[in-house]
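[1] structure here, sequence nowhere to be found:
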Ligand code: KIV
């Protein structure tokens, strides 16, 4: 199996990412894994063409695209809808679908059926589930059914009510030990990678050392095997200051607002559309049934 690609065409696959972890430090192919969230066709396509390796259809779609207060209300059908759109935009990156709250918390067979819908109907190549030790059985069940699973430990936003808010996890020796146990459980259950969210960088570094699967950090410092950000945080599209760990690479919100202000002003002043932006009737029909023909 080549390190560049299993299929020889640059396509990023699960075995690719796992093999990268096993490379010796300093090996030229031991590059950090780049991941971003996407929720629609154009952004998924743009980020795929720009070279991102893993596209996560995060349940953060609930907050950043759909305007919900948390990720909890997101439904399975909404997640599938967004995953299908992303799938259509991506050729090279690995597409991972985040299973929404409630779609894997009950009976195992139901969770398996829901995960399969992401693969069969939406074209996801893997699913992500939040939680550590208590997801052991679920992760084993999904991987037995040939569904690659990405785990997610530390701050798990679907547990916001249980955690009492969005807080950095693993800051005391006892809680750090629990996060490490959770990460080990996710690996033992067969996950191919794991998201480490909002924890001290020292703990993330220790977990990255301890595991044989790649760690993907968000608010977990620079020592993880890869990094992920919520696209809307890095583009300034969230209507609030980005979290401490997110770097803002562009202010797309302001670009959109400015473009809309200019458009409104042009329409009101009669500057849009210009003659060059208008259709013209052919000379032979000018003055006759011009409107119908010009369409
Ligand atoms: O839903 C999401 O965007 C995520 C990332 C923060 C990892 O789970």
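    Right, received. Where do you want to start? Quick caveat: nothing in here was measured; it's all calculated off a predicted structure.
[2] so where's the chain shaky on pLDDT?
    By pLDDT under 70, the low-scoring segments of the chain are 1-8, 286-295.
[3] got the residues of this structure near the ligand?
    With the criterion set to Cβ under 6 Å from any ligand atom, the chain comes near the ligand through 37, 56, 58-60, 98, 195, 218, 228, 230. For every residue, glycine as well, the C-beta is placed using N, CA and C.
[4] list the ones among those residues that fall in strands.
    Of the positions in the residues of the chain next to the ligand, 37, 56, 98, 195, 218, 228 sit in strands, assigned by DSSP state E.
[5] and the residue lying closest to the fourth one once chain neighbours are set aside, its phi and psi?
    Leaving aside its sequence neighbours, residue 195 sits nearest to residue 152 (Cβ to Cβ, 6 or more residues apart in numbering; 4.1 Å). Recorded main-chain torsions at residue 152 are phi -160, psi 110, according to degrees, to the nearest 10.
[6] circling back: export the residues of the chain next to the ligand to CSV and tack on neighbour count?
    Listed next are the residues of the chain next to the ligand as CSV, based on neighbours: other Cβ atoms under 10 Å:
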residue, neighbour count
37, 28
56, 29
58, 31
59, 27
60, 21
98, 29
195, 28
218, 26
228, 26
230, 22
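[7] dump the residue contacts of the residue in the chain that the ligand sits nearest to.
    Using Cβ to the nearest ligand atom, residue 58 is the residue of the chain that sits closest to the ligand, at 2.4 Å. Contacts for residue 58 (Cβ atoms under 8 Å, 6 or more residues apart in numbering) come out as 37, 39, 98, 128, 230.
[8] centre of the chain versus the host helix or strand of residue 142, how much separation?
    Using DSSP states H and E, residue 142 sits within helix 136-144. Remark: helix 136-144 is offset 21 Å from the chain centroid, using Cα atoms, centre = their mean, to the nearest Å.
[9] tell me which strands and helices that helix is in contact with?
    helix 108-120, strand 149-154, helix 173-189 (3 or more Cβ pairs under 8 Å, 6 or more residues apart in numbering; DSSP states H and E).
[10] please compute how far the longest one lies from its chain's middle.
    So that's helix 173-189. 23 Å.
[11] what residues does it touch?
    With Cβ under 8 Å, 6+ apart as the criterion, helix 173-189 contacts 131-133, 135-140, 143, 149, 151, 153-154, 169-170, 194, 196, 199-200, 203, 206-207, 210-213, 215.
[12] I'd say residue 212 and residue 21 touch.
    Yes - with contact defined as Cβ atoms under 8 Å, residue 212 counts as touching residue 21 (6.5 Å).
[13] between the two, which is the more surrounded one?
    Applying other Cβ atoms under 10 Å to residue 212 and residue 21 shows that residue 21 carries more neighbours, namely 18 against 8.
[14] which residues touch the residue nearest to residue 195?
    Listed by Cβ under 8 Å, 6+ apart, the contact set of residue 152 reads 128-131, 194-195, 197.
[15] which among the residues you listed count as buried?
    Buried by 16 or more other Cβ atoms under 10 Å: 128-131, 194-195, 197, out of the contacts of residue 152.
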